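>>> sequence and predicted structure, then a few things I'm wondering about:
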Amino acid sequence: MLFLGLLLLLPLMAGACLLWGQWKLRSLHLPPLAPGFLHLLRPNLPVYLLGLTQKFGPIYRLRLGLQYVVVLNSKRTIEEAMVRKWVDFAGRPQMLSYKLASQGYPDLSLGDYSLLWKAHKKLTRSALLLGIRNSMETVVEKLTQEFFERLRTQASAPVAIQKEFSFLTCSIICYLTFGDKIKEDNLIHAFYDWVQEVMKIWDHWSIQILDIIPFLRFFPNPGLWKLQQTIEKRDYFVEKQLRWHKESLVAGQWRDMMDYMLQEMALPRVEEGSGQLLEGHVHMAAVDLLIGGTETTATTLSWAVAFLLHHPEIQQRLQEELDLQLGSSASGSWVSYKDRERLPLLNATIAEVLRLRPVVPLALPHRTTQLSSIFGYDIPEGTVVIPNLQGAHLDDTVWEQPHEFWPDRFLKPGKSPRVLAFGCGARVCLGEPLARLELFVVLARLLQAFTLLPPAEGALPSLQPQPYFTTNLKVQPFQVRLQPRGVG
């Protein structure tokens, strides 16, 4: 009887909340409302949301559970909110899944905006740009070289390239975050397995539905139990690394990002009222770097291979550019990332893959920190805002032939529109410099050493993402043959 009563009470509570919310907003000029409750269950969600602009314009509202969300579908609306009015839109909604994932730790990616969050972001960004500035490219090069030595043993045989890329990017971010000891302790596979596990559980409907109907957390949920177990495993791994780093720390020196952050967190904050950074901030910075630095870059590399299998003429031109600038793979010649302008077509190809398949196509949702407005529409304080990055990249008022894979658009005279694949404003992806370095190095090495071929005649990968939406825009599983290129 109690269970039945709760089920009857739930819709009454939902209706009351909706009516109260509408009454409070009665005097505001809000974006148009797209009717319906099931929009977010649509396949190919970013493209579907872009399609709604034909009727409602580039900014509109959707109902998500007991609240409304605002969707931004154009470059202009996204940059207006996230860049020009970034203070108003820098918040993060405190959804139940976010609280479960952070387990009380101060999270960077999922944390709400505050002066302490700003200091946390600065600490992590400094670790990437200053703490490992001199070792980042060296580590990427070294691990990429080892990666290709493994691939050569599988030459001409079908390879599940996504898994290979994923392990490579996980190895790189583990080395940069935790140092060489991660290999000595043979922990890279453990971290890799954990990242795969947490991403799978996080995207499962049993977790995502809790953000729409939080009350369901009080009911039995095997997915929730698995998430909690995975987070406990995560914290055990990271705490072990923290203990070792503290015990072996040498003042004024740092071997990796964790060393750097542990020393920097103790310094007084310049901004008054920001509060003190604690060890928990370093803990969650490491977690965010591991998750953000593994699947996103690996997925972009996989999309690049898929597009080049469909466009062998682009692949041939890329190899001609590499041969002209570097010689064959046997020559051992390499171009530094700072000299990447020597490979304009490679840069254009990376930009085009990021445009068509931004890995986090709807970013992570933002929240307004105060009443604001976008192009004449009022956006109330506390509103959840979703920037449709992929929709902005497919806007035919900005991009010529937006659905076509055409890297040459970035080689035309004049300044090309900005690709928003890493977001923009206060919440821009902190790992963008590392991701761009990895994309450049891995693709250049790959195309210098191998010709990419389908596993069988006509067996091309699908260029449509996995149909139902997850945080990352995942490529459907495929294989590729890596044919070694001739010497000389």
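Happy to help now that I have it.

>>> can you list the buried residues in the lengthiest helix in the chain?
Counting by DSSP state H, the longest helix found in the chain is helix 222-248. Neighbour counts over helix 222-248 (16 or more other CB atoms under 10 Å) mark 223, 224, 226, 227, 230, 231, 234, 237, 238, 241, 242, 245 as buried. Where C-beta positions appear, they are placed from N, C-alpha and C, glycine not excepted.

>>> next SSE after that helix?
Downstream of helix 222-248, the next assigned helix or strand under DSSP states H and E is helix 257-264.

>>> packing partners of that next one?
helix 115-126, helix 161-178, helix 222-248, helix 279-292 (3 or more CB pairs under 8 Å, 6 or more residues apart in numbering; DSSP states H and E).

>>> between these, which one is closest to residue 316.
Checking the helices and strands packed on helix 257-264 against residue 316 by CB to CB gives helix 161-178 as the closest, at 19.2 Å.

>>> list the buried ones in that closest one?
Of the residues in helix 161-178, those buried (16+ other CB under 10 Å) are 161-162, 164-178.

>>> how about residue 378, phi and psi?
Main-chain torsions, residue 378, degrees, to the nearest 10: phi -80, psi 140.

>>> near it, how many other residues are there?
15 (other CB atoms under 10 Å).

>>> verify the contact between it and residue 59 for me.
No: using CB atoms under 8 Å, residue 378 is not in contact with residue 59; the gap is 11.2 Å.

>>> with adjacent residues omitted, what lies nearest to residue 208?
Of all residues not flanking residue 208 in the chain, residue 97 sits nearest, at 6.8 Å (CB to CB, 6 or more residues apart in numbering).

>>> can you pull the contacts of that neighbour?
Applying CB atoms under 8 Å, 6 or more residues apart in numbering to residue 97 gives the contacts 202, 207, 208, 210, 211.

>>> what values do phi and psi take at it?
phi -60, psi -30.

>>> can you pull the pLDDT of it?
If you check residue 97, the pLDDT there is 77.

>>> residue 416 too?
82.

>>> quick one: secondary structure of it?
Following DSSP: H, G, I helix; E, B strand; the rest coil, we place residue 416 in the coil state.

>>> thought it was touching residue 408?
No: using CB under 8 Å, residue 416 is not in contact with residue 408, being 10.7 Å away.

>>> where does the stretch 251-400 of the chain dip in pLDDT?
Along the stretch 251-400 of the chain, the model assigns pLDDT under 70 to residues 268-274, 328-333.

>>> so who does the residue nearest to residue 205 when sequence neighbours are not counted touch?
Closest residue in space to residue 205, ignoring its immediate chain neighbours: residue 223 at 7.9 Å, by CB to CB, 6+ apart. Residue 223 makes contacts with 201, 204, 205, 206, 207, as judged by CB under 8 Å, 6+ apart.

>>> which two of these have the greatest separation?
201 and 205 (11.0 Å).

>>> more neighbours, the two?
Legend: neighbour count by other CB under 10 Å for residue 201 and residue 205, higher for residue 201 (20 against 10).

>>> need the pLDDT of the more buried one.
Per-residue pLDDT puts residue 201 at 81.

>>> helix, strand or coil for it?
Under three-state DSSP, residue 201 falls in the helix class.

>>> rewinding a little: can I get the helices and strands packed on helix 257-264 in TSV with distance to residue 134?
Output for the helices and strands packed on helix 257-264, formatted as TSV (distance: least, CB to CB, whole Å):
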stretch	distance to residue 134
helix 115-126	14
helix 161-178	12
helix 222-248	19
helix 279-292	18
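
>>> of all those, which lies closest to residue 446?
So among these, helix 161-178 is nearest, using CB to CB, at 9.2 Å.

>>> can you pull the buried residues of the helix or strand following that closest one?
Toward the C-terminus, helix 161-178 is succeeded by helix 181-184 as the next helix or strand (DSSP H and E). Residues of helix 181-184 classed as buried by neighbour count (16+ other CB under 10 Å): residue 182.

>>> contacts for stretch 157-170 next, please.
Residues outside stretch 157-170 that contact it (CB under 8 Å, 6+ apart) are 143-144, 147, 150-151, 188, 191-192, 195-196, 290, 293-295, 297-299, 301-302, 305, 438, 442, 455, 475, 477-482.

>>> in helices, which of those appear?
Members of those lying in helices (criterion: DSSP H): 143-144, 147, 150-151, 188, 191-192, 195-196, 290, 295, 297-299, 301-302, 305, 438, 442.

>>> can you pull out the helices in the stretch 301-450 of the chain?
In the stretch 301-450 of the chain, the segments counted as helices under DSSP state H, counting those that start in this stretch are 312-326, 344-356, 389-393, 432-449.

>>> format the ones you listed as JSON lines; extra columns: mean neighbour count.
JSON lines is the format used below for the helices of the stretch 301-450 of the chain (neighbours: other CB atoms under 10 Å):
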{"stretch": "helix 312-326", "mean neighbour count": "16"}
{"stretch": "helix 344-356", "mean neighbour count": "22"}
{"stretch": "helix 389-393", "mean neighbour count": "28"}
{"stretch": "helix 432-449", "mean neighbour count": "21"}
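
>>> for residue 77, which of those helices is the nearest?
Closest among the helices of the stretch 301-450 of the chain, using CB to CB: helix 389-393, at 8.2 Å.

>>> quick one: distance of that closest one to the chain centre.
Its chain's C-alpha centre and that of helix 389-393 lie 14 Å apart, by CA atoms, centre = their mean, to the nearest Å.

>>> stretch 36-55 now?
21 Å.

>>> stretch 407-419 too?
The chain centre lies 23 Å from the centre of stretch 407-419; the measure is CA atoms, centre = their mean.

>>> just stretch 337-345 next, same as before
24 Å.

>>> please shift the residue numbers so they start at 421 in all later answers.
All set: I'll call the first residue 421, so the last point we hit is now stretch 757-765.

>>> send me it as CSV with only the CA atoms.
C-alpha atoms of stretch 757-765 as CSV (Å, rounded to 0.1, in the frame of the first residue of the first chain):
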residue,chain,number,x,y,z
TYR,A,757,54.0,20.2,-32.8
LYS,A,758,55.1,23.9,-32.7
ASP,A,759,55.9,23.5,-36.4
ARG,A,760,52.5,22.0,-37.3
GLU,A,761,51.9,24.8,-39.8
ARG,A,762,54.0,22.7,-42.2
LEU,A,763,51.1,20.2,-42.4
PRO,A,764,48.1,22.4,-43.3
LEU,A,765,45.9,19.6,-44.7
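
>>> buried set for that stretch?
757, 760, 763, 765.

>>> specify which member of those is nearest to residue 471.
Using CB to CB, residue 765 comes nearest to residue 471 of the buried residues of stretch 757-765, at 32.1 Å.

>>> so how far is residue 905 from the closest one?
Computed with CB to CB, to the nearest Å, the distance linking residue 765 and residue 905 is 17 Å.
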